[in-house]
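S.K.: Just to be clear, the model below is a prediction. Sequence and coordinates:
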Protein chains: 2
Amino acid sequence: MPALRFEVQAVCPETGARAGLLHTPHGTVETPVFMPVGTQATVKGLTSRHLAEDLDAKIILGNTYHLFLRPGHESVGRMGGLHRFMNWNRAILTDSGGFQAFSLSDLTKITDEGVLFRSHLNGDPHMFTPESTVDVQRSLGSDIMMVLDECLAYPAEHHAARRSMERTIRWAGKAFDHWRPLDDGRQALFPIVQGSMYPDLRAECARRLIELDAPGYAVGGLSVGEPRPVSMEMTEVSVMELPSHRPRYVMGVGTPEELPEYVARGVDMMDCVMPSRNARNGCLFTSSGKLIIKHARYKEDQEPPDAKCACYTCRTHTRAYLRHLFQAGEMLFCTLATIHNLARYLDIMRQIRQSIFLGAFPTHLKAMRSQTVEEP
Amino acid sequence: MPALRFEVQAVCPETGARAGLLHTPHGTVETPVFMPVGTQATVKGLTSRHLAEDLDAKIILGNTYHLFLRPGHESVGRMGGLHRFMNWNRAILTDSGGFQAFSLSDLTKITDEGVLFRSHLNGDPHMFTPESTVDVQRSLGSDIMMVLDECLAYPAEHHAARRSMERTIRWAGKAFDHWRPLDDGRQALFPIVQGSMYPDLRAECARRLIELDAPGYAVGGLSVGEPRPVSMEMTEVSVMELPSHRPRYVMGVGTPEELPEYVARGVDMMDCVMPSRNARNGCLFTSSGKLIIKHARYKEDQEPPDAKCACYTCRTHTRAYLRHLFQAGEMLFCTLATIHNLARYLDIMRQIRQSIFLGAFPTHLKAMRSQTVEEP
């Protein structure tokens, strides 16, 4: 019995957008889904009750790089895994740690064997290999694990992008070879389509990865500075090659406006630090655009952040109170703003899902495209 | 109809400890009570739901100095007062702002007229007078207001302490003269007993203040560095002079061990930043003493912070997880630790109250005195 079962419930005949159910060992996730990012075994500022009861998030993301360094995957493993460690009984997806090893640490060397890097915390040298990152994620016990992939800077030459893609494919093969004999039906492993911004490489990478017959596929290396039409094109050419009965996950995207665009290209899963990070910086996403809370015009504004939002923050507090908390540097601001921004993202996904069932996704997409993104 | 009505329900015949009900315009408060400190219109890190539902706090404290500077009392007033501003429908007590003007700002001058100080935020000069601090607290709309008092450094000579006490009494008179014609039955005003560490001054100050026939009385100027037996003696001599049918509030105390000591001396109300501030610094108060969460011994400790505690944090998380959050600098630690420490304080008060009703307070006090305060 595989760890993951994906059920497509409805498909938009015009765009290919899908609504489905992702059955995991820790509950069923309705797709398309946005996954809040819980970097260090916590979605910054939120209790697990905020996440489960207020937001009704069904799946969150954990960062392997951070958990590997602190408190350490072996420690988490001894304590019964990440779910138990953070007392989160719903689904968890972990990345491979590769992206942070590339972006946060002093990267010392990339070879065919893996990634040699120095901890950003204390400079200690560590190595991630395709096999070791699977082992780290086994200790964490996430429902969905990701293979180690090479994260290429943008822009890249075609020959460099091909070389990197070939390595990513080899690493995916090694990860699956390592994982298959260990598979106990409690975790699933996804390979990652790379290929920089070259359609031919993206398509080839996807075609070669499906030979692994994985339970799901990710598209990586997007949102690295390329123009948005390019991200969309890369998503399209990658997804086109992927099997329709498997979930498709685009990593690290996107803005509220981009969410329906990815879904329109057949994407089922997304994650991004944007809603939580922007919240902490005082930027609230509302149904009528971005709200920059520090602006003086909100000083005595008695409206909730978003009158159309039913989240705890919008039900409970005014813009004036949130602005005061932000100006005073109070951490409660981060909590309340994060609750709202994540609620906004999850609401967008729920509305998209509903419109797919109702056969109204193209209309919904059009409406979202024409929506103002001005400050309310 | 006065804003405040105090009902003594039970008195310990041996110590004089009282259990009562304080009826305020925003609900009834069971006494003896510990009031969490919500400096800038927020108890740091807690949503109002944490405060009301998890902790069931019935009254919190707001700091007039901070709210006067930011967002400004007039602004809060225009928005319907502090209760509405922070969406807290239970009772609020505000201090006069004097203590922070003395301790946080560049104090420029104290005269009989009042306190001239510079904002710690931007250096702007401001004046607090006995009348103006009442007006500021009227704008805030707190249920219980405090008069401006002079906060003397410790130690002080007898003649300086007398001079300061005389000024405090004059200021209290001015505050009440200003308040009486404005009293609309929605707020109460408490005078404050001062007199440094001199029993004769404390007793005289209390005797002279009761001429105001105030709805309640505070004892200020304690916990300023004096030995604990001295604080207790000053409390005793002050309380002895105060009318038994009025609530008695000792400001800015104390440690968990001190709470029953103050109650044993006839005190009904207390407040202190200790539970919330220590929480943020990684110190948890438990039924078996202080727990310093960063200690390595807790790295994989699967126990809750306090197995005897029923708070959200103890029901939900392990010491190991809390230690991880603390070490990683995650703000969720502050939220969870503050919930626990305040729950501990409120539990101590509830147990004390119950023991008074059961006629078991002397036994309970003895048991609390003999309790270990070692780290668990």
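M.R.: Perfect, I can see it now. In this text the structure is predicted, and so the values were computed from the model without any measurement. Residues are numbered from 1 along each chain as shown, chains lettered A, B, ... in the order given.
S.K.: So which bits of chain A are right by chain B?
M.R.: Remark: the part of chain A in contact with chain B comprises A:40-42, A:44-49, A:66, A:70-71, A:75, A:78-79, A:85-87, A:299-300, A:302, A:312, A:316-318, A:320-321, A:323-325, A:327-328, A:330-332, A:334-336, using CB under 8 Å from any CB of the partner chain. C-beta: built from backbone N, CA, C; applies to glycine.
S.K.: These, buried ones only, as a ChimeraX selection?
M.R.: Filtering the residues of chain A next to chain B down to the buried ones (16 or more other CB atoms under 10 Å in any protein chain shown) takes a single ChimeraX command:
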select /A:40,41,42,44,45,46,47,48,66,71,75,79,85,86,87,299,300,312,316,317,318,320,321,323,324,325,327,328,330,331,332,334,335,336
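S.K.: quick one: which of the residues of chain A next to chain B sit in helices?
M.R.: Among those, the members falling in helices (DSSP state H) are A:48-49, A:66, A:75, A:78, A:85-86, A:312, A:316, A:320-321, A:323-325, A:327, A:331-332, A:334-336.
S.K.: What spatial separation is found between A:Ala206 and chain B?
M.R.: According to CB to the nearest CB, to the nearest Å, A:Ala206 stands 36 Å off from chain B.
S.K.: Could you do A:Val37 as well?
M.R.: From A:Val37 across to chain B, the span is 13 Å (CB to the nearest CB).
S.K.: Check the gap between A:Tyr298 and A:Asp347 for me.
M.R.: 22 Å (CB to CB, to the nearest Å).
S.K.: So for these two, which residue has more residues nearby?
M.R.: A:Tyr298 (22 against 19; other CB atoms under 10 Å in any protein chain shown).
S.K.: and the gap between the residue most central in space within chain A and chain B?
M.R.: Centroid-nearest residue in chain A, with CA atoms, centre = their mean: A:Asp271, separated by 1.9 Å. A:Asp271 is 19 Å from chain B, where distance means CB to the nearest CB.
S.K.: how about the closest residue to that residue other than its chain neighbours, what does it touch?
M.R.: Sequence neighbours aside, A:Met35 is the residue nearest to A:Asp271 in space, at 4.2 Å (criterion: CB to CB, 6 or more residues apart in numbering or on different chains). A:Met35 sits next to A:57, A:59-61, A:93, A:269-271 when contact means CB atoms under 8 Å, 6 or more residues apart in numbering or on different chains.
S.K.: what's the distance between A:Met35 and chain B?
M.R.: Counting by CB to the nearest CB, the gap from A:Met35 to chain B is 18 Å.
S.K.: Now do the same contact list for the residue lying farthest from the centre of chain A.
M.R.: Within chain A, the residue lying farthest from the chain centre (CA atoms, centre = their mean) is A:Glu300, at 35.9 Å. Going by CB under 8 Å, 6+ apart, A:Glu300 touches A:320, B:75, B:78-79.
S.K.: which of those residues are the two that sit furthest away from each other?
M.R.: Spatially, the most separated pair among the contacts of A:Glu300 is A:Ala320 and B:Arg78, at 9.7 Å (CB to CB).
S.K.: okay, the residue farthest from the centre of chain A: pLDDT?
M.R.: Note on A:Glu300: pLDDT of 98.
S.K.: if you skip the residues just before and after it, what's nearest to it?
M.R.: A:Ala320 (5.2 Å).
S.K.: The one you found reaches B:Met86, doesn't it?
M.R.: No - applying CB atoms under 8 Å as the test, A:Ala320 and B:Met86 come out as separate, 10.4 Å apart.
S.K.: just checking, A:Val8 touches A:Gly16?
M.R.: No - the pair A:Val8 / A:Gly16 is not scored as a contact, 10.9 Å apart, by CB under 8 Å.
S.K.: any chance you could map the helices in the stretch 201-350 of chain A?
M.R.: Here the stretch 201-350 of chain A has its helices, by DSSP state H, counting those that start in this stretch, at A:228-241, A:258-264, A:274-280, A:312-316, A:319-327, A:331-357.
S.K.: Summarise which helices and strands the first one is packed against.
M.R.: In this structure, helix A:228-241 makes packing contacts with helix A:199-209, strand A:217-219, helix A:258-264, judged by 3 or more CB pairs under 8 Å, 6 or more residues apart in numbering or on different chains; DSSP states H and E.
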